[in-house]
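> following is a predicted model, sequence given first.
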Amino acid sequence: MMADLGYPLTTDQLRQRLREIRAEKDNTVLVARLDGIAVGLIHVARLVSLVAEPRAEIRALVVDESVRGKGIGKQLIGAAESWASDHGMKKLRLGTRIHRLEAHAFYEHLGFSLAKEHKIYEKPVGLAESA
C-alpha cells in the first residue's frame, strides 16, 4: 500500500516505524479495513513550534489504489480531524507533492485550503566523512 505513493517499504520496515510512532504519545496511526483487510491508513501527529500554535499534521495518508473513490480517504481525514480536536488542536495541516493534482483537488473538496508553498531541503547527518 505504501508503495502506491512512492514509499516502498518492507514489512519489517513498516512494523518498525509503526512501533516507533506508537511509542510517541502525540502520534497516532489509524487504519481503514474492508472485510478485515487493511486498505488505507493515516498518520497524524501533534506539532509544537515556536512560530505557530500547536497543530495536528497529517504525516501520511495512503489508500490502496484498488479502493480509491469509495470514501475511505474522506473517512480517514474525518478520523484525523476528530483525533486533532480531541487533543485540543484547532488546525489540521498536511503537505502533498506538487505533481499530485488529484490529491490537491481531493483535499480542497474536503475543505482544506492552500496555506503556503515551500521547498524542503535535507542533508544527511551523522555520516562518517571520507578521508
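Yes, it's here. Numbering: from 1, shown residues only.
> when you work out contacts or count neighbours from here on, use the C-alpha atoms and nothing else.
Noted.
> confidence-wise, which helix or strand of the protein is lowest on average?
None of the helices or strands of the chain scores lower by mean pLDDT, DSSP states H and E than helix 11-23, at a mean of 88.
> given whatever helix or strand comes next after that one, what are its sheet partners and their directions?
Scanning forward in sequence from helix 11-23 by DSSP states H and E, the next helix or strand is strand 27-34. Sheet pairing of strand 27-34 (DSSP bridges) gives strand 37-47 (antiparallel).
> what helices or strands is the least confident helix or strand of the chain leaning on?
Applying 3 or more CA pairs under 8 Å, 6 or more residues apart in numbering; DSSP states H and E, we find helix 11-23 packed against strand 27-34.
> what lies in contact with the top helix by length along the chain?
As assigned by DSSP state H, the longest helix anywhere in the chain is helix 72-86. Helix 72-86 is contacted from outside by 30-32, 40-42, 44, 46, 55-56, 58, 61-63, 90-92, 110, using CA atoms under 8 Å, 6 or more residues apart in numbering.
> swap in 7 Å and give it another go.
I42, V44, A56, V63, L92 (CA atoms under 7 Å, 6 or more residues apart in numbering).
> could you dump those residues into JSON lines with neighbour count added?
Listed next are the contacts of helix 72-86 as JSON lines, based on neighbours: other CA atoms under 10 Å:
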{"residue": "I42", "neighbour count": "20"}
{"residue": "V44", "neighbour count": "27"}
{"residue": "A56", "neighbour count": "26"}
{"residue": "V63", "neighbour count": "24"}
{"residue": "L92", "neighbour count": "20"}
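> among the residues you listed, list the two that are farthest apart in space.
Farthest pair in the contacts of helix 72-86 (CA to CA) is A56 and V63. Separation: 19.9 Å.
> residue ranges in the protein under the pLDDT threshold?
The model of the chain has pLDDT under 70 over residues 1-7, 128-131.
> swap the cut-off to 50 and go again
The model of the chain has pLDDT under 50 over residues 131.
> tally of neighbours for the spatially closest residue to A32 that is not a sequence neighbour?
Distance criterion CA to CA, 6 or more residues apart in numbering; nearest residue to A32, sequence neighbours excluded, is G40 at 4.9 Å. A count of neighbours around G40, defined by other CA atoms under 10 Å, yields 23.
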